[in-house]
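Participant: here is a sequence with its predicted model. Questions after.
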There are 2 protein chains.
Amino acid sequence: MKPINVGLLGIGTVGGGTYTVLKRNAEEITRRAGRPIRIVTVADKNLALARQVTGGEVELTDDAFSVVTDPGIDIVVELIGGYGVAKELVLKAIENGKHVVTANKALLAVHGNEIFAAAQKKGVMVAFEAAVAGGIPIIKALREGLTANRIEWLAGIINGTTNFILSEMRDKGLPFAEVLKEAQALGYAEADPTFDVEGVDAAHKATIMSAIAFGIPMQFDKAYIEGISKLDSVDIGYAEQLGYRIKLLGIARRRENGVELRVHPTLIPEKRLIANVEGAMNAVLVQGDAVGATLYYGKGAGAEPTASAVIADLVDVTRLHTSDPEHRVPHLAFQPDQVRDVPVLPIEEVVTSYYLRMRVEDKPGVLADITRILADSSISIEALIQKEAAEGEAHTDIIMLTHQTAEKNANAAIARIEALPVVQGKVVKLRMETL
Amino acid sequence: MKPINVGLLGIGTVGGGTYTVLKRNAEEITRRAGRPIRIVTVADKNLALARQVTGGEVELTDDAFSVVTDPGIDIVVELIGGYGVAKELVLKAIENGKHVVTANKALLAVHGNEIFAAAQKKGVMVAFEAAVAGGIPIIKALREGLTANRIEWLAGIINGTTNFILSEMRDKGLPFAEVLKEAQALGYAEADPTFDVEGVDAAHKATIMSAIAFGIPMQFDKAYIEGISKLDSVDIGYAEQLGYRIKLLGIARRRENGVELRVHPTLIPEKRLIANVEGAMNAVLVQGDAVGATLYYGKGAGAEPTASAVIADLVDVTRLHTSDPEHRVPHLAFQPDQVRDVPVLPIEEVVTSYYLRMRVEDKPGVLADITRILADSSISIEALIQKEAAEGEAHTDIIMLTHQTAEKNANAAIARIEALPVVQGKVVKLRMETL
């Protein structure tokens, strides 16, 4: 059968992995896809690198625009990343009737609505399994595997860098800054780690998952984002004493009046499987009304795991490209005219449980004052640790876990607690999910 | 858009769940599928039950054959189970040009080759997500999500009954027979539990997964099957002391000269996520050459979890039924003319590690004799416990973990050990996988 011709944009880590795996497993992939999937052109500014990776076996160019307009190309794989030229190239490819496979979560989370509308109009597919959780087929699970369900919520460890850092902070009791340096040395964190450690990357992925889980548009600008750079390892220790692990979770939850979409460090009961996902691994937990909880676990980054997802999309597109567009799997799981404008709730409206740590004077009546404030705000306490003051210290720590309440209610109570003269400094607040 | 008309055969637990979920989530499912999916006829011998579940909203019949030949039906959902009439009905439905969705693992594992050949000839789809691991979309992951990979092995906890029993045996230190009674009382085990506890059900599912993972025919009759009814809780305890859990795993592994396909109690390091899958939950671990290890976890049985998989298949078939058969996802992941006759290896050829427990006389030289036999067979020991003999006892237990060796080699060494006069009775042998 006639091969499918692929133009690959970007031959960096994932591009190189895609080239390698497609070549190594060509026979097996053809046996599945029904026809060969062949990279015919590679575009990269770094032609020397492109030549080195491909061994000069395919056409090379430094002009990606020549690929997306080439009539001989069936599918364009965009692995350049970012919102800039990648967006132009993807839209140009669509305009030229090409199917697109991309790993670009930033692009889809921010410009996805525009891109999918253009693809819909042109009757081409835009596939993006590699954009979320690397090699784990979570997009396929949400979009096709769980279609029977009203999805209630999902929560994922979807950034390997931060999970590695949190695992190391807990294992070794080291502060964030020190572990970050280690992660950078090991190649788990980039020189500028902002996107990862501040939760932006996880928010891109959570945004994409929220859209396909709930049938809503991408609303990245409404996501609440809090990273791990301010997390104190003392809280990791206290959480552990209480039977919890702290993970950076991307959470999307359907509620009556909207959708929660948030990324923040989260306490999870240590008995949950997802609490035991360590190092750079990823995992996504999805709660459907029929199926209950399902979990998907694997490598969320790296050359070949991400290539695994890119190529799965290539096989999907190869299998489906002759079908009429009306009968393909919709890009965002729901039919394009069935996407609903459900609002993302502001963080103040989010309802969850909290971990609170406060430094207080070690004298009678302090705990009574604090618990009175919480009771007045109808916040019940689930667990509490009051440390003995260290020898010669006038202050000590109180740590408590609350039951569920709205964030604005928690914030108001915390402000009142901070105003107490016996309380020193700010109250540390972390969110907690029982999942 | 014109609805898709479904004929439902069997309105027991899963049939009832399918009816309920399809009705409850009709709006959401239609938004995904692009058209309503409507059960128009239900066939069951128990018409009173059918009337009770459906509230008389659909046509009822006790003649399933009238459904599979009804020109008004697009998709037949077979939830009768077993190899008997279910096989006739499925073949008749295919013959009549109907797509089929089934949860019937026994039927597919034993007669799948014949059924898929018939479906191929007629150009209809046979979907079976519900046949393996209930609501977990593992068939979709293997068939579509991991197409880039040469799948090296998979190992799954794919029978909830036995996992519940093993969890309880470990938790409470109780013997198999007692926990089985408890499981029966709780509805986790059937009155005749043979298929579950002897590993037959798990072997059906492992057979199906091996076919789509490796592109080979169903070879259920070649599977090695060992259940948990003879498992002694003393071995669960010793395994735990050594840092292992015992799970009933279905394992399929690609090897140079064939494929391993086996179900047996297996020691797994307790640090592995899959070792911590408790109660009636299911999980499948898949190792691909590009993606590495991925894990899929969720409920493997029950009305609504299984219905979740049945309905996902209905949505898939609805989306794909207008595409030309050549471009659909192949039933068994590989194109029908690309299935290869790779043999399943006999258990003697399997290579794995072992847990051995033996009762020996408590006197000098015994351990030397035993380890000499193992050394002569080139079997290295990874860990060893020698218990002190209890007060007044002349015998004691030796427990050892070996490195990998071929089963026939292990068996020969064990026979020599059992022949030693200082060894009492049989050596207990369990297989071990590091995964």
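Facilitator: Great, that's in hand. In this text, all values refer to a predicted model and were calculated from it rather than measured experimentally.
Participant: OK, contacts around A:Ile246?
Facilitator: When contacts are counted by Cβ atoms under 8 Å, 6 or more residues apart in numbering or on different chains, A:Ile246 touches A:Leu166, A:Arg170, A:Leu231, A:Asp235, A:Ile236, A:Ala239, A:Pro265, A:Thr266, A:Leu267, A:Ile268, A:Leu430. Every C-beta, even on glycine, is put in place using the N, C-alpha and C of the backbone.
Participant: show me which of those residues is closest to chain B.
Facilitator: Distance to chain B across the contacts of A:Ile246 (Cβ to the nearest Cβ) is lowest for A:Ile268, with 14.1 Å.
Participant: ok, that closest one - contacts?
Facilitator: A:Tyr244, A:Arg245, A:Ile246, A:Lys247, A:Leu249, A:Ile274, A:Ala275, A:Met432, A:Glu433, A:Thr434, A:Leu435.
Participant: would it count as being in a strand?
Facilitator: Yes. Judged by DSSP: H, G, I helix; E, B strand; the rest coil, A:Ile268 forms part of a strand.
Participant: hey, where'd the strands end up in the stretch 101-250 of chain A?
Facilitator: Ranges of strands within the stretch 101-250 of chain A are A:126-127, A:151-157, A:224-225, A:244-255, based on DSSP state E, counting those that start in this stretch.
Participant: now distance to A:Met400 and mean pLDDT too, for those strands, in TSV please.
Facilitator: Formatted as TSV, those follow (distance: least, Cβ to Cβ, whole Å; pLDDT from 0 to 100):
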stretch	distance to A:Met400	mean pLDDT
strand A:126-127	46	98
strand A:151-157	23	98
strand A:224-225	23	98
strand A:244-255	13	98
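Participant: circling back to that earlier point, can you list the contacts of A:Ile246 in JSON lines and add distance to A:Arg31 and pLDDT?
Facilitator: JSON lines is the format used below for these (distance: Cβ to Cβ, whole Å; pLDDT from 0 to 100):
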{"residue": "A:Leu166", "distance to A:Arg31": "41", "pLDDT": "98"}
{"residue": "A:Arg170", "distance to A:Arg31": "44", "pLDDT": "97"}
{"residue": "A:Leu231", "distance to A:Arg31": "48", "pLDDT": "98"}
{"residue": "A:Asp235", "distance to A:Arg31": "51", "pLDDT": "98"}
{"residue": "A:Ile236", "distance to A:Arg31": "48", "pLDDT": "98"}
{"residue": "A:Ala239", "distance to A:Arg31": "49", "pLDDT": "97"}
{"residue": "A:Pro265", "distance to A:Arg31": "45", "pLDDT": "98"}
{"residue": "A:Thr266", "distance to A:Arg31": "43", "pLDDT": "98"}
{"residue": "A:Leu267", "distance to A:Arg31": "47", "pLDDT": "98"}
{"residue": "A:Ile268", "distance to A:Arg31": "41", "pLDDT": "98"}
{"residue": "A:Leu430", "distance to A:Arg31": "49", "pLDDT": "98"}
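Participant: those in helices, which ones?
Facilitator: Under the assignment DSSP state H, the contacts of A:Ile246 contribute A:Leu166, A:Arg170, A:Asp235, A:Ile236, A:Ala239 to helices.
Participant: from these, which is closest to A:Ile80?
Facilitator: A:Ile80 has its nearest neighbour among these in A:Leu166, at 29.6 Å by Cβ to Cβ.
Participant: list the contacts for the closest one?
Facilitator: A:Ile228, A:Leu231, A:Ile236, A:Ile246, A:Lys247, A:Leu248, A:Pro265.
Participant: would you confirm that the third one contacts A:Ser167?
Facilitator: What it means is A:Ile236. No. Counting by Cβ atoms under 8 Å, A:Ser167 is not a contact partner of A:Ile236; they are 10.1 Å apart.
Participant: give me the more crowded residue out of the two.
Facilitator: Between A:Ile236 and A:Ser167, counted using other Cβ atoms under 10 Å in any protein chain shown, the more crowded position is A:Ile236 (21 against 18).
Participant: check contacts around that one.
Facilitator: A:Ile236 sits next to A:Leu166, A:Met169, A:Arg170, A:Ile246 when contact means Cβ under 8 Å, 6+ apart.
Participant: neighbours around the third one, how many?
Facilitator: If you count neighbours by other Cβ under 10 Å, A:Arg170 ends up with 18.
Participant: and it, how far from A:Ser233?
Facilitator: Note on A:Arg170: its distance to A:Ser233, by Cβ to Cβ, to the nearest Å, is 8 Å.
Participant: count of neighbours near A:Lys172?
Facilitator: Using other Cβ under 10 Å, A:Lys172 has 12 neighbouring residues.
Participant: need the contact list for it.
Facilitator: Going by Cβ under 8 Å, 6+ apart, A:Lys172 touches A:Val179.
Participant: that one and A:Ala275: what is the separation?
Facilitator: A:Lys172 sits 18 Å away from A:Ala275, going by Cβ to Cβ.
Participant: contact partners of stretch A:368-383?
Facilitator: The contact list for stretch A:368-383 (Cβ under 8 Å, 6+ apart) reads A:242, A:353, A:358, A:360, A:398, A:400-403, A:405, A:409-410, A:412-413, A:416-417, A:420, A:422-423.
Participant: A:Ala223 against A:Met209, yeah?
Facilitator: No. Contact criterion Cβ under 8 Å: A:Ala223 and A:Met209 do not qualify, at 11.3 Å.
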